[in-house]
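Chemist: Fold the stuff below for me.
(chains A and B)
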Protein chains: 2
Amino acid sequence: MSINRILISVAVVLLFSACTGESDDRSPANVILLIGDGMDEQQITMARNYIYGIDGSFEMEKFGYRGAAKVRAVREDNPAIAEYVGDSASGATALATGMLTSKGRIATTAGTDRDIETIVEISQHAGLATALVTTASLTDATPAAFIAHVNARSCQGPDDMAGGSGRLSYMLPCLNDLKRNGGRGSIAEQLVDSNIDLMFGAGMKYFSQAVDSDRGLTVVDSANAQGYRVITKLAELTAPVGKGKVLGLFGPSTLATEWLGENGRTAEPIKPDKQGDPIFPQAFSCVPNSKHEGVPSLALMTKKALTLLNENNSKGFFLMVEGASIDRQAHFRNPCGEIGEVQGFDRAVAVAQAFAQAHPHTLVIVTADHGQAGQIVPLPETYRSLATFYGKPQYSLGFYALLTTQEGGVMAVNYATNSASASSRGVHTGVDVPVFIDGLQAGGLPGLIRQTDIFRLMLDHLGLQDHSN
Amino acid sequence: MSINRILISVAVVLLFSACTGESDDRSPANVILLIGDGMDEQQITMARNYIYGIDGSFEMEKFGYRGAAKVRAVREDNPAIAEYVGDSASGATALATGMLTSKGRIATTAGTDRDIETIVEISQHAGLATALVTTASLTDATPAAFIAHVNARSCQGPDDMAGGSGRLSYMLPCLNDLKRNGGRGSIAEQLVDSNIDLMFGAGMKYFSQAVDSDRGLTVVDSANAQGYRVITKLAELTAPVGKGKVLGLFGPSTLATEWLGENGRTAEPIKPDKQGDPIFPQAFSCVPNSKHEGVPSLALMTKKALTLLNENNSKGFFLMVEGASIDRQAHFRNPCGEIGEVQGFDRAVAVAQAFAQAHPHTLVIVTADHGQAGQIVPLPETYRSLATFYGKPQYSLGFYALLTTQEGGVMAVNYATNSASASSRGVHTGVDVPVFIDGLQAGGLPGLIRQTDIFRLMLDHLGLQDHSN
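Modeler: This is a model prediction of the structure:
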């Protein structure tokens, strides 16, 4: 880290400290970090247009501070060189550790594969309670980077450590991390070995694998042996769960989204007719996803986590909440999936904000790990008028959808960052991501920060020191 | 306008008033509004990555307030219905008048074609000085919407009023506006009839046309007759220009950009080879544009305008400064053009900010009129690794460029909102645009506002009333 960067970081923290206006009472300091995966300004605007129209806004947008965070990864083959488009692994590592790394890495250094201490670990050492909540598998890159250390995000369960031919170049084998090789094990094993107080999300397909050091035991068995109560059903989450550590696994992998398109529709490539003129798809609306029934919402998981964390809260807590499927549905070019997930994420933000209002030493930060592909583009009539003017067909490249919004307009959404029609392969963008912070007084924090500054803001609020960096 | 919107607007203004911390001295209140045309978060990130890398930021990003503004147009055939992607005409009209309109309209109402009073007109009625500065023709949509009233942005000069076959649907004839039909005339005529104190930009091709009410006179002749000193050369701008109104026309139409790509390169479609594998273009850098020599920079025009406005400034002034070619170069899928123009625009912002620091009742607002197409996307190696994984070619759709940044990285930029290769026809996006405000104390202004709120903030700062809306 350059001197410049350190100085800027220190200045940010000092400015921030000067503005938090903390009083002297002894109630503990808490941090709630909410990450909308892939939730950049385009995705927020799209969701807001659909749900609220011109006069509304999301709860996160009512926070006192709105700024932008620079997203950055570095190259694995030369960490001194920037990579301008990151992924959830590099983005979450920046937020969780204050250090830049290469794509695919989970709280380890680019090139040198050194473990980097995370805010969850620092919090644990200081006796704070900790919790992770997500709509994805808990072994997914974003939650993983808050506690696990591994060179490849794909090493989610013990059976996933070997990599394999045809794998993405940044999803490498993790054989050094196998427990039988003296490592910390897969991400699932590291999670249940972590002593985090609460983990709510999905990922049974990884946690049900046998641990590599004892093939007779699954990771769930290991969790039980280490004092976790493992719950799997919505009813178990809403019921009193008692004291002690809880691992909530509410599905085999990513939870069902809240919404989908009418008749399952998503964005489609625009095909030309025989004259070469584009055939634009018909408009559709978003509808509730019946598969989401019986699935705990992100807001519900967040509320339960806060209730449990707040019982006997003496030293404060750190809670990370991820709305994972904003990104995932953007990869699928599924605007209704995205929009419903932004709404679900914002409801979790509202839960966090209500808690913060009742517990004033609670800092709530909402941000994203990286940008996504979706763009709001013109309607067919605009392209048709351009075609008339220029005398040749005009249309948006990529995958295009027309949504009938709740205020009665029609919004066109386009995804064009990858040619492949394979369902999960739209790709990220490198745009700055928004940052919303509640509880900041005055304008002490600059409007442009880095993702790594968020790590320092959180540590500072908790009164903790970063020893590793 | 709904009651809700009025209440929100009033609240915004009250919050803002409470936070400006104005003192009681009698120095006049001034407003400098700087519009980066098409300058959304993607375009800013792209330019910042190229110029500054991870540790830098633009001057505008150092302002005390950074927020987002909702962009909205309405349908011409039913103004109650939203249009989610606007243009410079609807965006500038929102900023200049506080009213939403349809694409292509210049300070007139959608559907009903009623003139809407602009902040320049309101300022003039109150005796304030006014000025417009742009890198485009002064008759272009953005400056035009601050003073002219016409149903179609294309009616720039007297010869452009008839529309024509094959025109874009929102660029209609303006025959009712012909002077001989009792109208206000073309945009060029309305500008020289406006009594605006200073206008610096381009557009001689429109101003040299004969006025329609007297074919023996050009619009320039009319300007001279109405007391404007017309200047056309850089040296005339840097020399003392004396007192009185000045019309600076430094080129026939849009001024040459500051930068271009090495060997004139711009983004290119990715073509497949015989095996169907994509051939990605080679990386290039940005270089100064020799055609920009002898052209006044936006910063210089802004500085001169401020110097002149500040002479005998008794009642305050309103100055609009537009960085027009950020948008224009994005239409051309020319990332170097865009990046150089963002830098040039930011230098004008720095000039405005320096003035504000010396003249503390000066409010500086920086924003954009609408979003643009450019996105920062992954490098070829990422697409190649996806192709290996999925067993088929993968690449970004659209027009793709690889830039070697000044910090030594490689950044990929993609433009995919329109299929046409015609040079000016990438199209806008509907994303929220950033807003930077200097001189705001404390966090009184919400992080999310509407473009029309900016009109009210400016009027409020100037102590003026909006009578027309």
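
Chemist: what sits opposite the closest residue to chain B within the stretch 1-150 of chain A in the beta ladder?
Modeler: For the stretch 1-150 of chain A and chain B, the shortest gap (CB to the nearest CB) falls at residue A:66, measuring 2.7 Å. All C-beta atoms are positioned from the backbone trio N, CA, C, and that covers glycine. For residue A:66, the beta-bridge partners are residue A:436 (DSSP bridges).

Chemist: what's the burial count for it?
Modeler: Neighbourhood size, residue A:66 [other CB atoms under 10 Å in any protein chain shown]: 25.

Chemist: Next, the contact list for it, please.
Modeler: By CB atoms under 8 Å, 6 or more residues apart in numbering or on different chains, the residues touching residue A:66 are A:434-436, B:66-68, B:447-448.

Chemist: export the residues you listed to TSV and tack on pLDDT?
Modeler: Supplementary listing: the contacts of residue A:66 in TSV, determined by pLDDT from 0 to 100:
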residue	pLDDT
A:434	98
A:435	97
A:436	97
B:66	94
B:67	96
B:68	97
B:447	93
B:448	96
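
Chemist: and which of these is nearest residue B:412?
Modeler: Residue B:412 has its nearest neighbour among those in residue A:434, at 22.3 Å by CB to CB.

Chemist: Name the SS class of the closest one, please.
Modeler: strand (DSSP: H, G, I helix; E, B strand; the rest coil).

Chemist: In which helix or strand does residue A:402 reside?
Modeler: strand A:399-404 (DSSP states H and E).

Chemist: Could you report the neighbour count for the closest residue to chain B within the stretch 301-450 of chain A?
Modeler: Nearest residue of the stretch 301-450 of chain A to chain B: residue A:447, at 2.7 Å (CB to the nearest CB). The number of residues packed around residue A:447, counting by other CB under 10 Å, is 24.

Chemist: So what does residue A:193 have for phi and psi?
Modeler: Main-chain dihedrals, residue A:193, degrees, to the nearest 10: phi -90, psi 0.

Chemist: Wait, residue A:343 touches residue A:46, no?
Modeler: No: in terms of CB atoms under 8 Å, residue A:343 does not count as a neighbour of residue A:46; the distance is 11.5 Å.

Chemist: who's more crowded, those two?
Modeler: residue A:46 (26 against 21).

Chemist: which residue packs closest to the residue of the stretch 301-450 of chain A closest to chain B, ignoring adjacent ones?
Modeler: Distances taken as CB to CB, 6 or more residues apart in numbering or on different chains put residue B:66 closest to residue A:447, at 2.7 Å, once the chain neighbours are dropped.

Chemist: Low-confidence bits of chain A, can you list those?
Modeler: Low-confidence segments of chain A, defined by pLDDT under 70: A:1-26, A:164-171, A:422-424, A:440-443, A:467-469.

Chemist: Can you show me the helices along the stretch 101-250 of chain A?
Modeler: Counting by DSSP state H, counting those that start in this stretch, the segments of the stretch 101-250 of chain A that form helices are A:119-125, A:141-144, A:187-192, A:204-207, A:219-225, A:234-238.

Chemist: ranking those by burial, who's on top?
Modeler: Of the helices of the stretch 101-250 of chain A, the one with the most neighbours on average (mean count of other CB atoms under 10 Å in any protein chain shown) is helix A:141-144, at a mean of 31.

Chemist: near chain B, anything from that helix?
Modeler: No: against chain B, helix A:141-144 shows no contacts by CB under 8 Å from any CB of the partner chain, the least distance being 15.6 Å.

Chemist: what packs against that helix?
Modeler: Packed against helix A:141-144 by the contact rule (3 or more CB pairs under 8 Å, 6 or more residues apart in numbering or on different chains; DSSP states H and E) you find helix A:88-97, strand A:129-137, helix A:187-192, strand A:317-323.

Chemist: Residue A:223 is nearest to which of these?
Modeler: With CB to CB, the closest approach to residue A:223 among the helices and strands packed on helix A:141-144 belongs to helix A:187-192: 4.0 Å.

Chemist: residues in contact with that closest one?
Modeler: Outside helix A:187-192, the residues that reach it (CB under 8 Å, 6+ apart) are A:106, A:138-139, A:143-144, A:147-150, A:153, A:155-158, A:179, A:184, A:199, A:203, A:206-207, A:209, A:211-212, A:219-220, A:222-223, A:226, A:228, A:247.

Chemist: Restricted to buried residues, select those residues in ChimeraX.
Modeler: Buried subset of the contacts of helix A:187-192, written as a ChimeraX selection, criterion 16 or more other CB atoms under 10 Å in any protein chain shown:
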select /A:106,138,139,143,144,147,148,149,150,153,155,156,157,158,179,184,199,203,206,207,209,211,212,219,220,222,223,228,247
